[in-house]
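J.: Starting from these lines, generate the structure:
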Amino acid sequence: MFIYLLIFLTSKKKKKIRANFRVQVVSDGKQALDILQNQTFDCILMDIQMAVMDGITATKEIRKRESSQKSKHTPIIALTANAMQGDMESYLGAGFG
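T.: A predicted model of the protein is given here:
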């Protein structure tokens, strides 16, 4: 059994990942939304700060689509260096988790 992950990376360098995972890498939130129209994932690792569309906006759109299509809730894990008080609550409120 494989876990199918969608990983968002802001770096232009594609990193080699070795594990028992099938991984799809995109560079921004818009690309992720495009891929999610045709594929499902077991988990999404989402960078908060990305060009074109940030992680919060992309997550809100993913949750909106899941709700309107009555599809399964995909866990979305926020990747960030933000550590200010209130950041976690803000991300949970946006639909991460």
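
J.: for this protein, longest helix please?
T.: Longest helix in the chain by number of residues (criterion: DSSP state H): helix 55-69.

J.: any residues touching the helix or strand that comes right after that one, and which ones?
T.: Going down the chain from helix 55-69, the next helix or strand is strand 76-79, by DSSP states H and E. By Cβ atoms under 8 Å, 6 or more residues apart in numbering, the residues outside strand 76-79 that reach it are 8, 43-48, 55, 59, 62, 91, 95-97. C-beta here means a position set from N, CA and C on the backbone, and glycine is covered the same way.

J.: pLDDT averaged over strand 76-79 - what is it?
T.: Taken as a whole, strand 76-79 carries a mean pLDDT of 87.

J.: With only the CA atoms kept, save that strand in CSV.
T.: C-alpha atoms of strand 76-79 as CSV (Å, rounded to 0.1, in the frame of the first residue of the first chain):
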residue,chain,number,x,y,z
ILE,A,76,-3.6,19.3,4.9
ILE,A,77,-0.5,19.9,6.9
ALA,A,78,0.9,23.4,7.0
LEU,A,79,4.6,23.9,6.4
